[in-house]
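all I have is the shape, not the residue letters:
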Ligand SMILES: C[S@@+](CC[C@H](N)C(=O)[O-])C[C@H]1O[C@@H](n2cnc3c(N)ncnc32)[C@H](O)[C@@H]1O
C-alpha cells in the first residue's frame, strides 16, 4: 500500500493552481455524474481526496442547504484556501468540514457512515485501488451511495498532432508506469467494484472533453512543473529535453486551430442496499 508520504504530486502553489484548472475542466463530468445518482437530498456527503474543495462546493449547490459536507485529504490547505477566498461571496465556510488524514488512517472517521461518499481523481494514485474502494464502501451507510470519478487517458491526443502535447503525455505515462500510478484506471472501475466486494455498479457515465490548445495554455506548463523533478530522477528525460518541451509548450496560445481530446472521465456508482 502506498503510504501518505509517497503521494507523488508536489504540494506547491503551482500544483494547487493546476488542480484548480483541472477541476474546472472536470466540472461538467462531475455535475453530470452527481446529477445521475438519484440520491435525493443527502444529509451527509463525504469527498475523499477533496484537493481544492471544488467538489464540496458543487455538492452544496446541487444538494441544497442542509447537507453536512466533509472533505478528507492528506493535505487540506488547498481547500481551506479556496473556502477562505470564496467566503462571504458565495459560500458559508461553516457548512464545510475538513478532515486532514489518510483514507487508510487507523482511527474511525468522525461522522461515518455517510449518505453519499464520492472520490474524484484520487484512486489512480493508490497502489491498491480495490482496498481503497472497500474502505470507501465501509464509510457508506446502508441506503447510501458510493460514486467514483476517475480518468482513462489511453485515447488522449491532439489533432492536427501537436508534438509538445504528445510528448508531455508520453512522459506522464512513462513516469506513472514507473511509479505505479494507473491513469488508465477508468475502464477498470466496474471490475474493481466487484473485486472490492461492492458488487456490480448500478450505473456508469463516461464524459469526454475536447479543448483547443490555447485553452490549455496555462494548464500544460503547470503539468510539466508537476513532474519535471521526477522525470530527471527516473531518467525519463534530461534537463535540456525538458527545456525544449517548455519552449514548445510556450507556443500553445498560437495553436488556435489545434484541438485536444483530453482523458475521458469515467463515473461509476453503487447504492448500498440495506441487509
Ligand atoms: C489528483 S488530486 C484530486 C483532488 C480532487 N479530488 C479533485 O478532483 O480536484 C488527489 C488528491 O487525493 C489526495 N490523496 C492521495 N492519497 C490519499 C490518501 N491515502 N488519503 C487521503 N487523501 C489522499 C491528495 O492529497 C490529493 O489532494
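Received it, and whenever you're ready, just let me know what you need. Small disclaimer: the values here were computed from a predicted structure and weren't measured.

I'd guessed residue 238 sits against residue 244; true?
No: using CB atoms under 8 Å, residue 238 and residue 244 do not qualify as a contacting pair, with a distance of 9.6 Å. Every C-beta, even on glycine, is put in place using the N, C-alpha and C of the backbone.

in stretch 217-225, what counts as buried?
Of all the residues in stretch 217-225, those buried under the rule 16 or more other CB atoms under 10 Å are 217, 219, 220, 221, 222, 223, 224, 225.

what of stretch 65-84?
Neighbour-count burial for stretch 65-84 [16+ other CB under 10 Å]: 67, 69, 70, 71, 72, 73, 76, 78, 79, 80, 82, 83.

centre of the chain versus the helix or strand containing residue 17, how much separation?
Using DSSP states H and E, residue 17 sits within helix 13-25. How far helix 13-25 lies from its chain's middle: 10 Å, per CA atoms, centre = their mean, to the nearest Å.

what do you get for stretch 110-121?
15 Å.

picking that back up, what about the buried residues of stretch 65-84, which are in helices?
Those of the buried residues of stretch 65-84 mapping onto helices are 78, 79, 80, 82, 83, per DSSP state H.

tell me the helices and strands packed up against the strand or helix carrying residue 229.
Taking DSSP H and E as the criterion, residue 229 maps to helix 219-233. For helix 219-233, the packing partners by 3 or more CB pairs under 8 Å, 6 or more residues apart in numbering; DSSP states H and E come out as helix 13-25, helix 163-179, helix 239-249.

and the second one with helix 219-233, angle?
Here helix 163-179 runs at 50 degrees with respect to helix 219-233, directions being taken by axes from the mean of the first three to the mean of the last three CA atoms, to 10 degrees.

could you list every helix and strand in contact with the top strand by length along the chain?
In the chain, taking DSSP state E as the definition, the longest strand is strand 140-152. In terms of contacts (3+ CB pairs under 8 Å, 6+ apart), strand 140-152 is packed against helix 27-36, strand 114-120, helix 129-138, strand 264-271.

list the neighbouring strands of that strand plus their orientation.
Strand pairing for strand 140-152, using DSSP bridges, gives strand 114-120 (parallel), strand 264-271 (antiparallel).

show me what contacts the closest residue in space to residue 50 that isn't next to it in sequence?
The shortest distance from residue 50 to any non-neighbouring residue, by CB to CB, 6 or more residues apart in numbering, is to residue 71 (3.2 Å). Residues counted as contacts of residue 71 (CB atoms under 8 Å, 6 or more residues apart in numbering) are 46, 47, 50, 53, 56, 79, 96, 97, 98, 99.

in the sheet, who's paired with residue 71?
What pairs with residue 71, by the bridge criterion (DSSP bridges), is residue 47, residue 98.

most neighbours of all the contacts of residue 71, which one?
The residue in the contacts of residue 71 with the most neighbours, by other CB atoms under 10 Å, is residue 46 (30 neighbours).

who in this structure is up against the ligand?
7, 19, 23, 49-52, 54, 72-75, 102-104, 120-122, 125 (CB under 6 Å from any ligand atom).

what's the burial count for the closest residue to residue 264 other than its chain neighbours?
Once flanking residues are discounted, residue 264 sits nearest to residue 152: 4.7 Å by CB to CB, 6+ apart. A count of neighbours around residue 152, defined by other CB under 10 Å, yields 20.

I'd say residue 152 and residue 267 touch.
No: counting by CB under 8 Å, residue 152 does not reach residue 267; the two are 11.2 Å apart.

still on that earlier bit, how about the helices and strands packed on strand 140-152, which one is nearest residue 12?
Between residue 12 and the helices and strands packed on strand 140-152, the shortest gap by CB to CB is with strand 114-120, which sits at 20.5 Å.

which residues touch the closest one?
Strand 114-120 is contacted from outside by 26, 30, 34, 37, 39, 42-49, 55, 59, 63, 67, 70, 136-137, 139-141, 143-150, using CB under 8 Å, 6+ apart.

Produce a ChimeraX select command limited to the buried residues of those residues.
Filtering the contacts of strand 114-120 down to the buried ones (16+ other CB under 10 Å) takes a single ChimeraX command:
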select :26,30,34,37,39,42,44,45,46,47,48,49,55,59,63,67,70,136,137,139,140,141,144,145,146,147,148,149,150
